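J.: just to be clear, the model below is a prediction. Sequence and coordinates:
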Amino acid sequence: MVLLGSVGLMASSAVLLENLTHRYAGEIRPVLVIDKLEIEEGSFVALIGASGVGKSTLLRLLDGRLRGWKGRASVLGHALSARTAPPRSRRSEIGYVFQEFALVESASVRQNVLNGRLGSTHSGWSLIGRFSDVDQSAAEQAMRDVGITKFAERRVDRLSGGQRQRVAIARVLAQEPKLILADEPLSNLDPVNSKIILELLRECAANRGATLIATSHQPRLIAPFVDRFIALDGGSITFDGVPSAVDEGLLASIYNDDDGKDHSEAAE
Amino acid sequence: MTIEHATKSSPKRLSREREHAWGVFSVSIALALLVVWSWIESDINIDRLAASGVRIGDFLSRMVPPDLTVLPVVIEASAETLRIAVLGTVGCIFFSVILGLLAASTITPRFVSMPVTWLLATIRGIPLILVAMLMVGAVGLGPLPGILAIAFHATGMLAKFYAESIEGVDPEPVDALESAGATFLQRMRYGVWPQIAPDVVRDTLFRFEMNLRESLILGVVGAGGIGFYIQMYVRAFQYEKVSTLTIVVVFFVVMIELGNNLIRRFLR
């Protein structure tokens, strides 16, 4: 088991990675090779890069769901283990917005949002459908924040893509996380809804003092909302800087492969 | 497709088509021979078949009017059949939940799920009437061997259905709950159960209907229920009593089916 001691950690670091590598079974090339990465608490960071460069793998690692990596990783001041999942209490501190929403389609919006409380509520009572007042009010607040209170009792499979994305975000907000990881939160949305969701994510994270890390294939769209861009290529960090430093030339080098083909959605 | 390519691939395609035609022809001949062999070996005599019409007409005429004096006995025996079907279904649900979970390859290691799958196939292969006779030998006459036989026999099918439902679960919503800190039981309750509930209820009701029909004949081997009276009245040529019995059984099965359809409609 690889652990990271508290020595050398900055008090304001939400994420700290050192000498980190990961290789999937049967693969020769590693999917992640990160010498050092530090992300400040309360910031909004966008992970960009072509498909398959390791963005989602990095998010899964930070969420404590990736096994077998090597190096040192610390999230919210706690060392991650490459062999075991984080304890229940720490898992609920990290919210994960899934690319395909990962909602229970046949359940109501309210139940899906309440599911975000499962990590912190009493396990026994929750099995018979009882959630505490604290859980109920956290879910209500989350639904209010993303504007889905009016269809709280509706089944998720009756909602549009944009509404589902809001439910997925509300479930994460109901967790009251200190770190929000969003995997391609705009992939199923049109440009108008994308901007609304980005604004919503930034606002909700800021109100809760949470750190927000999102992967995206739309750097131009996301640029006005984020504090920092991190670009990955072949699992390594090839750019780390503020949005103003991201120009067309840099985006072209990030998204163009050897054949000169542009993989960026925004470039179309 | 170029002309050169078409010319090159044509002989291959023709050869494949010829092989396919020969395959269809051979299977058709084999099936035809099977039907002819069954007909000859069963000693089916058209004259006897034609003459039976008169006898069936005679039986039907002797069934009218129904002898209603046996109604209380028939109703009580039908109620016992219902009790056998209900308790047999409860028993098979109990075993099917356990064996269904163990047979589901998505949540159970293959070295466990494979043998359980084989066990279920073996159970399905044993005829109910044989199980009932063995149970009568083991626990004596009455409804108990019937209940045990139904519970055992139906588990082979219901556990397989349950396992297939679990295997069809979308893993992403369950992963999302794990990410939020949900325990194993919470993931089952809020991630797996809502996804499989409609299938599980539908399959269980279907199996209950099958159990009810199969319970009707269990009395023939002394395993309780209305089957005892079916064989007794038929062997004693008391067709007016068979008539009452048929009316009660049909009424009873139709009522159960209507009730099940109502439940299914409610769940949709």
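T.: Yes, it's here. Just so it is clear, the model here is predicted, and its values are computed rather than measured. Residues are numbered from 1 along each chain as shown, chains lettered A, B, ... in the order given.
J.: in the stretch 51-200 of chain B, what residue lies closest to chain A?
T.: Here the stretch 51-200 of chain B gets closest to chain A at one residue, residue B:181, 2.0 Å apart by CB to the nearest CB. Backbone N, C-alpha and C define where each C-beta goes, glycine included.
J.: what's near enough to touch that residue?
T.: For residue B:181, the contact set (CB atoms under 8 Å, 6 or more residues apart in numbering or on different chains) comprises A:88, A:89, A:90, A:91, A:92, A:118, A:119, A:120, A:175.
J.: at 10 Å instead, please
T.: With contact set as CB atoms under 10 Å, 6 or more residues apart in numbering or on different chains, residue B:181 has these partners: A:85-94, A:116-121, A:175.
J.: isn't there a helix covering it?
T.: No. Secondary structure of residue B:181, determined by DSSP: H, G, I helix; E, B strand; the rest coil: coil, with no helix assignment.
J.: nearest residue to it other than its sequence neighbours?
T.: Closest residue in space to residue B:181, ignoring its immediate chain neighbours: residue A:119 at 2.0 Å, by CB to CB, 6 or more residues apart in numbering or on different chains.
J.: any idea whether that neighbour is helix, strand or coil?
T.: coil.
J.: show the buried residues in the contacts of residue B:181.
T.: The neighbour count (16 or more other CB atoms under 10 Å in any protein chain shown) marks A:85-86, A:88, A:90-94, A:116-121, A:175 as buried among the contacts of residue B:181.
J.: which of the residues you listed sits closest to residue B:186?
T.: For those, the residue nearest residue B:186 by CB to CB is residue A:118; the value is 4.8 Å.
J.: tell me the phi and psi of the closest one?
T.: Its backbone dihedrals place residue A:118 at phi -60, psi -30, with angles given as degrees, to the nearest 10.
J.: pretty sure it is in contact with residue B:187, am I right?
T.: Yes. A contact is recorded between residue A:118 and residue B:187 when judged using CB atoms under 10 Å, the distance being 8.2 Å.
J.: what touches both of the two?
T.: Common neighbours of residue A:118 and residue B:187 (CB under 10 Å, 6+ apart) are B:177, B:178, B:180.
J.: doesn't the first one belong to a strand?
T.: No. Membership of residue B:177 in a strand is not supported by three-state DSSP, which gives helix.
J.: spell out which parts of the stretch 101-250 of chain A neighbour chain B.
T.: Counting by CB under 10 Å from any CB of the partner chain, the positions of the stretch 101-250 of chain A adjacent to chain B are A:101-108, A:111-112, A:114-121, A:123-124, A:126-129, A:156, A:168, A:171-172, A:174-175, A:177, A:181.
J.: make it 6 Å
T.: Selection of the stretch 101-250 of chain A residues close to chain B by CB under 6 Å from any CB of the partner chain yields A:102, A:104, A:106, A:107, A:115, A:116, A:118, A:119, A:123, A:126, A:127, A:175.
J.: what stretches of chain B score poorly on pLDDT?
T.: B:1-9, B:268 (pLDDT under 70).
J.: which bits of chain B sit near chain A?
T.: Taking CB under 6 Å from any CB as the measure of proximity, chain B contacts chain A at B:172-173, B:176-177, B:179-183, B:185-186, B:189-190, B:194.
J.: is it possible to get CSV of those that adds distance to residue B:100?
T.: Rendered in CSV, the data for the residues of chain B next to chain A read as follows (distance: CB to CB, whole Å):
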residue, distance to residue B:100
B:172, 22
B:173, 20
B:176, 24
B:177, 21
B:179, 26
B:180, 26
B:181, 27
B:182, 21
B:183, 21
B:185, 17
B:186, 20
B:189, 16
B:190, 19
B:194, 17
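J.: out of those residues, which end up buried?
T.: The neighbour-count test (16+ other CB under 10 Å) marks B:172-173, B:176-177, B:179-183, B:186, B:189-190, B:194 as buried among the residues of chain B next to chain A.
J.: tell me which residues touch the residue of the stretch 151-268 of chain A found nearest chain B, please.
T.: Among the residues of the stretch 151-268 of chain A, residue A:175 lies nearest to chain B; the distance is 5.6 Å by CB to the nearest CB. Counting by CB atoms under 6 Å, 6 or more residues apart in numbering or on different chains, residue A:175 touches A:92, A:95, A:116, B:180.
J.: between these, which sits nearest residue A:22?
T.: Set against residue A:22, the nearest of the contacts of residue A:175 by CB to CB is residue A:95 (22.2 Å).
J.: how much space between the residue of the stretch 51-200 of chain B closest to chain A and residue B:16?
T.: Separation of residue B:181 from residue B:16 (CB to CB, to the nearest Å) stands at 56 Å.
J.: hang on, the earlier thing: between the buried ones among the residues of chain B next to chain A, which is nearest residue B:55?
T.: Nearest to residue B:55, judged by CB to CB, of these is residue B:194 at 56.3 Å.
J.: is that closest one within a helix or a strand, and which one?
T.: Assessed by DSSP states H and E, residue B:194 sits inside helix B:193-215.
J.: quick one on the thing from earlier: show me the contacts of residue B:181 that map onto helices.
T.: Judged by DSSP state H, these include A:88, A:89, A:90, A:91 as members of helices.
J.: chain neighbours aside, what residue packs nearest to the first one?
T.: This points to residue A:88. Distance criterion CB to CB, 6+ apart; nearest residue to residue A:88, sequence neighbours excluded, is residue B:181 at 4.6 Å.
J.: what's the answer for the third one, then?
T.: Leaving aside its sequence neighbours, residue A:90 sits nearest to residue A:78 (CB to CB, 6+ apart; 5.8 Å).
J.: show me the beta-bridge partners of that neighbour.
T.: Counting by DSSP bridges, residue A:78 is bridged to residue A:75.
J.: one step back: any chance of the shared contacts of residue A:118 and residue B:187 in a markdown table, plus distance to residue A:38?
T.: Putting these into a markdown table (distance: CB to CB, whole Å) gives the following:
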| residue | distance to residue A:38 |
| --- | --- |
| B:177 | 30 |
| B:178 | 27 |
| B:180 | 26 |
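J.: tell me which of these is nearest to residue A:65?
T.: Comparing the shared contacts of residue A:118 and residue B:187 against residue A:65 with CB to CB places residue B:178 closest, at 7.4 Å.
J.: who touches the closest one in this structure?
T.: Residue B:178 sits in contact with residue B:187, where contact means CB under 6 Å, 6+ apart.
J.: next: the one 4 residues further on.
T.: Contact partners of residue B:182, counting by CB under 6 Å, 6+ apart, are residue A:118.
J.: any idea how far it is from residue B:189?
T.: Going from residue B:182 to residue B:189 by CB to CB gives 9 Å.
J.: and the contacts of stretch A:79-97?
T.: With CB under 6 Å, 6+ apart as the test, stretch A:79-97 has contacts from A:1-4, A:63-64, A:68-69, A:73, A:76, A:78, A:119-120, A:168-169, A:172, A:175, A:177-182, A:185, B:179, B:181.
J.: for the chain, longest helix please?
T.: I went with chain A, as the question did not name one. Among the elements of chain A assigned as helix by DSSP H, the one spanning the most residues is helix A:191-208.
J.: sorry, I should have been clearer: chain B.
T.: Assignment by DSSP H; longest helix in chain B turns out to be helix B:3-41.
J.: what about the helices in the chain?
T.: Answering for chain A, as no chain was given. Going by DSSP H, chain A shows helices at A:55-62, A:88-91, A:109-114, A:123-127, A:133-146, A:161-174, A:191-208, A:219-222, A:248-255.
J.: wait, I meant chain B there
T.: Ranges of helices within chain B are B:3-41, B:46-62, B:71-103, B:110-125, B:128-139, B:143-167, B:171-179, B:184-187, B:193-215, B:227-235, B:239-267, based on DSSP H.
J.: can I get the ones you listed in TSV including distance to residue A:23?
T.: Listed next are the helices of chain B as TSV, based on distance: least, CB to CB, whole Å:
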stretch	distance to residue A:23
helix B:3-41	41
helix B:46-62	74
helix B:71-103	33
helix B:110-125	25
helix B:128-139	53
helix B:143-167	29
helix B:171-179	22
helix B:184-187	28
helix B:193-215	33
helix B:227-235	65
helix B:239-267	47
